[in-house]
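*Asks:* model this:
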Amino acid sequence: MLYVPILKCKQGEKDALYSLQDDVKKNILPLLELTPDVIGKGNFAGVHNFWSNRKFIFDISPEYEQELTDREFFTLYDKCNKEHVIPVIKLSDSEEKLTRLINRSFNGAALRLNLEEILDDDFESLFNDFISNIDQTLIDLIIDVKFVEANKINETSFLVKGAINSLGDLKSFRSIIFSSNSFPKSLQNIEKYKLSLLPRIESKLYEKVKPHFEKTGVTPVYSDYAINHWSFFDYIPGMQPPFNIRYSVENGYIVYKGDSTKKGGFKIEKVREACKLLVSSEYFSGENFSWGDNQILEKANGETIKPGNSTTWRAIGTNHHIKFIVNLISNQL
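*Replies:* Numbers count the residues shown, from 1 in each chain. Next up is the predicted model:
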């Protein structure tokens, strides 16, 4: 396992995973978050149709987990193939829920902690009580920083160092996964009709904190939220999101923002011009790099008259991002 992408379990992300090359799939362990809209529609049927016969981590979007009863949670969880699912557990889980999950799981569990939670005054006693009742060798420990700002990398690294000291013997866990996020929540301040380079902080922060972990005898697995902000975006009918391309590069995210749907942003002519701009730039990885890159090139060259919609472009960007990160990590080993 080289990489844990944290993805909303929505159609764009599903298509991105399905379209990955097999050599990429074998190196990732996706964490799939069920979002309020997917749960509300009642159409979650597991992941076998887009992530077949491969392990994955299963969780509920933070914005919804407090509203979900244990019974409702298990109704969703039971739709997953028990041979492949790794359930997320939380310090806040009831003893009954935790016992049921541990007893039902064929693959242990993933304990997900956010940095704020670890730094809380009461954390150490709660954590020690919690892990005393579980077999840590069957647990993947996820340390999730969530959003980190570019000017706070050093501060965050220092806080992570302090958090590590509260976690005891990290070597006793099956793995340590370190996650962060820097993709903006909104593209409101992005200039239109050009390629904008936004800083991608996740890799820089990982390199900063990696030595802190290695002093304890473990090397953390890299994790991020791909090309999405960590929080759930609640789409309201009538919204007019702009056409946009999100494209990961070594030192950042390339973002192209076009017009809204109302102003024809998703018309093939406008989409083609945006794709041409990216393909002709120094940033484009080439048509054979990933399924997503091939889709961009086809639209740029006029090989298709289908511009796609927001879901399509989330799939394209996410697919490229996952392949890019796997390559990046592989080349650093």
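*Asks:* Gly265 against Tyr256, yeah?
*Replies:* No: at 10.8 Å, Gly265 does not count as touching Tyr256 under the criterion of CB atoms under 8 Å. Where C-beta positions appear, they are placed from N, C-alpha and C, glycine not excepted.
*Asks:* which one of these two has more residues nearby?
*Replies:* Using other CB atoms under 10 Å, the more surrounded residue of Gly265 and Tyr256 is Tyr256, with 25 against 21.
*Asks:* which stretches of the chain aren't confidently modelled?
*Replies:* Scanning the chain for pLDDT under 70 picks out the ranges 234-238, 333.
*Asks:* care to break it down by domain?
*Replies:* Per automatic domain parsing, the structural domains of the chain span 3-189+197-236, 242-320.
*Asks:* What's the end-to-end length of the shortest one?
*Replies:* I take that to be domain 242-320. Counting by CA to CA, to the nearest Å, you get 20 Å between the two ends of domain 242-320.
*Asks:* so how far is that domain from its chain's centroid?
*Replies:* The chain centre lies 20 Å from the centre of domain 242-320; the measure is CA atoms, centre = their mean, to the nearest Å.
*Asks:* from here on, count from 20
*Replies:* All right, first residue 20 from here; so that's domain 261-339.
*Asks:* Please identify which of the domains of the chain is closest to Ile348.
*Replies:* Evaluated with CB to CB, those place domain 22-208+216-255 nearest to Ile348, the distance being 5.9 Å.
*Asks:* circling back: how about the domains of the chain in JSON lines, adding distance to Asn350?
*Replies:* Formatted as JSON lines, the domains of the chain follow (distance: least, CB to CB, whole Å):
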{"stretch": "domain 22-208+216-255", "distance to Asn350": "12"}
{"stretch": "domain 261-339", "distance to Asn350": "10"}
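*Asks:* Restricting to C-alpha, output stretch 344-352 in CSV.
*Replies:* Extracted C-alpha coordinates of stretch 344-352, given in CSV (Å, rounded to 0.1, in the frame of the first residue of the first chain):
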residue,chain,number,x,y,z
ILE,A,344,0.5,10.5,-6.7
VAL,A,345,1.3,6.8,-7.1
ASN,A,346,4.0,7.6,-9.6
LEU,A,347,5.4,10.4,-7.4
ILE,A,348,5.6,8.1,-4.3
SER,A,349,7.0,5.2,-6.4
ASN,A,350,9.8,7.4,-7.7
GLN,A,351,10.8,8.5,-4.2
LEU,A,352,11.3,4.9,-2.9
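*Asks:* did I read that right, Leu130 in a helix?
*Replies:* No: counting by DSSP: H, G, I helix; E, B strand; the rest coil, Leu130 is not part of a helix but strand.
*Asks:* Return the residues in contact with it.
*Replies:* By CB atoms under 8 Å, 6 or more residues apart in numbering, the contact list for Leu130 reads Val107, Ile108, Lys109, Leu110, Phe149, Ile150, Ile158, Asp159, Leu160, Ile161.
*Asks:* Please narrow the residues you listed to those residing in helices.
*Replies:* Those of the contacts of Leu130 mapping onto helices are Phe149, Ile150, per DSSP state H.
*Asks:* if we take the contacts of Leu130, which one ends up nearest to Glu210?
*Replies:* When the contacts of Leu130 are compared against Glu210 (criterion: CB to CB), the nearest one is Ile161, at 35.4 Å.
*Asks:* so what's the closest one bridging to?
*Replies:* Note on Ile161: beta-bridge partners Arg131, Ile196, judged by DSSP bridges.
*Asks:* how about it, what does it touch?
*Replies:* By CB under 8 Å, 6+ apart, the contact list for Ile161 reads Val23, Leu50, Val107, Ala129, Leu130, Arg131, Leu132, Ile196, Ser198, Ser242.
*Asks:* Which parts of the stretch 20-169 of the chain are strands?
*Replies:* For the stretch 20-169 of the chain, the strands defined by DSSP state E, counting those that start in this stretch cover 22-27, 50-53, 75-79, 104-108, 128-133, 158-166.
*Asks:* Flag every buried residue along the longest one.
*Replies:* Along strand 158-166, these residues count as buried under the neighbour rule (16 or more other CB atoms under 10 Å): Ile158, Asp159, Leu160, Ile161, Ile162, Asp163, Val164, Phe166.
*Asks:* Give me the number of neighbouring residues for the closest residue to the third one other than its chain neighbours.
*Replies:* Going back to what we said before, that points to Leu160. Distances taken as CB to CB, 6 or more residues apart in numbering place Phe192 nearest to Leu160, at 4.5 Å, with adjacent residues excluded. Applying other CB under 10 Å, we find 22 residues neighbouring Phe192.
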